[in-house]
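*Asks:* Got a predicted structure plus its sequence, pasted below:
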Amino acid sequence: MNRCPISINIKPDTIYHVLLLGVQIAISSSLEPRFVPVSRAMRDTGLFQSAQSDRFHATALGLQDGVEAFYWAGGFSKGIEIPLLDDSDRICLSFTTGMSGHATRSFCDAPGQEIPVRSNVGSIQYCPGRKGIYRQQGWLENLTVMLHPTLFADWVQDGDCELRNLVLHGGVLDGHRGGELCATIHSLTRILSTWCVGSNATPRHPLWLQAQAMSIIGLFLESRGTVPLDGVSPMLRQRLMRARDLLLADLSTPPLIPDLAREAGLSAPTLTRGFRRLFGTSPYGLFQHERMQLARHRLITLGTSVTEVATELGYTNLSHFSAAFRKQFGVLPSKTTASGKTCSACTSEEAPDRLRQP
């Protein structure tokens, strides 16, 4: 694939619309809706009609054989429905980095089921030959890394039956999140979003871009947890993954262990033991790790002040925040802001009262 960017700008009321959300691109017109093959939409830029630059921005990038990245940002003040046909034969690691409004996707072979698109949450999807409808109102920014199934299958752990089943039969797995995953994706989207139209020079060295994409793939796989050990049944794993999603939904407020266990349909001891077996740490250890990863991202990438970050993440005592940050990264948050450097992360195991057993 050509490494030169493809940038497109489209008004919401233009005849042609282009959209990518997890390698889903299509055109809709005022005539009878028709499903448009993804491969054609990505290959034939002459299908698209340019308009105001602030309405749409798309950048495609070939990184290596079997691995591509696609950045997309677009806003539609009026709701749109776009018919899609996925003939891409790619597994898509899709992550929505920002959204103002709402968006959903559905498939023709599963009528009545709409999958909501959520900000700062990723999905792994493989939908060969499937037809569906993408709906959006408002603004959305997305980064998708696309891989050939054979290449991706080599990296899936043997114990991850759910993901291996997706590679063989297709499907959608939502709920992938994490502070480091979010920070890495935001770093790459920041570069791709400013890539000028018509520029032959990449904004960063091709190896850097390739390394970022490979990191994103690895972090997606890590976000699924370690390979289940003996004693973690598929049903228990599903409940533990739900508990993890609930735990990380709001990194400013840790939930009570009994409440988290009840929401996941588990007892508190089973929840704690399951977390250690599946994720290698306690519920608070995972919560605190992701909390500090998000803090580091906001300090380095967004330039937020230490006080603001501490407040946003639920700390009322700045010294407690600094101590927790230093315990994980080995440096004070104020030094991170100045240099952007930290040491290897370690996971805190000292739980505050909210996450201790009653």
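*Replies:* Sure, I can see it.

*Asks:* Could you pull out the helices in the protein for me?
*Replies:* In the chain, the helices defined using DSSP state H lie at 38-43, 149-153, 161-169, 179-193, 206-222, 234-248, 257-264, 268-279, 283-300, 306-312, 318-329, 333-339.

*Asks:* what's the closest of those helices to Cys108?
*Replies:* Closest to Cys108 of the helices of the chain is helix 38-43 (CB to CB; 15.0 Å). (Each C-beta comes from the backbone N, C-alpha and C, glycine too.)

*Asks:* and the closest one, average pLDDT?
*Replies:* Mean pLDDT, helix 38-43: 64.

*Asks:* related to what we said a few turns ago, can you tell which of the helices of the chain is closest to Arg130?
*Replies:* Set against Arg130 and scored by CB to CB, these come closest in helix 38-43, at 10.5 Å.

*Asks:* what about the stretch 101-250 of the chain, any weak spots by pLDDT?
*Replies:* Residue ranges of the stretch 101-250 of the chain with pLDDT under 70: 196-202, 225-232.

*Asks:* quick revisit: would you format the helices of the chain as JSON lines with distance to Leu93 included?
*Replies:* Formatted as JSON lines, these follow (distance: least, CB to CB, whole Å):
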{"stretch": "helix 38-43", "distance to Leu93": "16"}
{"stretch": "helix 149-153", "distance to Leu93": "9"}
{"stretch": "helix 161-169", "distance to Leu93": "11"}
{"stretch": "helix 179-193", "distance to Leu93": "9"}
{"stretch": "helix 206-222", "distance to Leu93": "5"}
{"stretch": "helix 234-248", "distance to Leu93": "17"}
{"stretch": "helix 257-264", "distance to Leu93": "25"}
{"stretch": "helix 268-279", "distance to Leu93": "20"}
{"stretch": "helix 283-300", "distance to Leu93": "18"}
{"stretch": "helix 306-312", "distance to Leu93": "27"}
{"stretch": "helix 318-329", "distance to Leu93": "26"}
{"stretch": "helix 333-339", "distance to Leu93": "28"}
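
*Asks:* Serialize those to TSV and add fields for mean neighbour count and distance to Asn120.
*Replies:* Shown next, in TSV, are the helices of the chain (neighbours: other CB atoms under 10 Å; distance: least, CB to CB, whole Å):
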stretch	mean neighbour count	distance to Asn120
helix 38-43	18	25
helix 149-153	16	23
helix 161-169	15	21
helix 179-193	20	6
helix 206-222	17	13
helix 234-248	18	10
helix 257-264	18	20
helix 268-279	19	19
helix 283-300	22	9
helix 306-312	17	14
helix 318-329	17	20
helix 333-339	16	21
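
*Asks:* how about those, which one is nearest Ile82?
*Replies:* helix 38-43 (10.2 Å).

*Asks:* So which bits of the lengthiest strand in the chain are buried?
*Replies:* The longest strand of the chain (DSSP state E) is strand 67-85. By neighbour count with 16 or more other CB atoms under 10 Å, strand 67-85 contains the buried residues 67-76, 80, 82-85.
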